[in-house]
Structures are given as C-alpha cells and as structure tokens.
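1. Let me see the structure of the following:
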Amino acid sequence: MRISVDPDQCYGSGECVYRVPSVFTEADGFGAVIPGREDAGDDPRVREAAERCPSQAIVIR
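-> The predicted structure is shown next:
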C-alpha cells in the first residue's frame, strides 16, 4: 500500500513526523513522505498516524 501526504490539506502539525519519523518528514513546514518510503502503508504505525492526523492529509491506497 502506498502512502502520500496531500499538501492541500496538510497544515503542518508535525503529528506524522512525531509518530513515524522513519517514514515522514517535514518539507517547507508541511508533512511529507521520505523518498523511497512510499510503500510503507502496511506499517501499523503509519495507519495510526493517518487516523490521528488532525488535517486528515495522509492518504493510504
């Protein structure tokens, strides 16, 4: 499963980076997926980060 962060929805709370720093990073003050980690959607910590994202900007497909 692939993950991404919708830049139009993200407002930069940093919750994703706090929860899973091995997958998420900050770019220009907003959450982003670390290049090469887009396929980490099966990780339960990533799913939890998506559920707890205050702006619901994390997309798992």
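2. CA-only coordinates of the lengthiest helix in the chain in CSV, if you can.
-> Determined from DSSP state H, the single longest helix within the chain is helix 44-52. Output of helix 44-52 as CSV, limited to C-alpha atoms (Å, rounded to 0.1, in the frame of the first residue of the first chain):
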residue,chain,number,x,y,z
PRO,A,44,0.5,-0.2,11.7
ARG,A,45,2.2,2.9,12.9
VAL,A,46,1.6,4.6,9.6
ARG,A,47,-2.0,3.6,9.7
GLU,A,48,-2.3,5.1,13.2
ALA,A,49,-0.6,8.3,12.0
ALA,A,50,-3.1,8.6,9.2
GLU,A,51,-6.0,8.1,11.6
ARG,A,52,-4.7,10.6,14.1
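3. Buried residues in it, which are they?
-> 46, 47, 49, 50 (16 or more other Cβ atoms under 10 Å). Where you see a C-beta, it was placed from the backbone N, CA and C, and this is true even at glycine.
4. pLDDT of it, averaged?
-> Per-residue pLDDT values across helix 44-52 average out to 96.
5. same check, this time on stretch 31-40
-> 96.
6. Can you point out the buried residues in that stretch?
-> Neighbour counts using 16+ other Cβ under 10 Å place 31, 32, 33, 37, 40 of stretch 31-40 among the buried residues.
7. ok, residues contacting that stretch?
-> Residues outside stretch 31-40 that contact it (Cβ atoms under 8 Å, 6 or more residues apart in numbering) are 1-5, 7, 10, 12-17, 20, 22-26, 46, 53, 57-58.
8. just the buried members of these?
-> Judged by 16+ other Cβ under 10 Å, buried ones among the contacts of stretch 31-40: 3, 5, 10, 15-17, 20, 23-25, 46, 53, 57-58.
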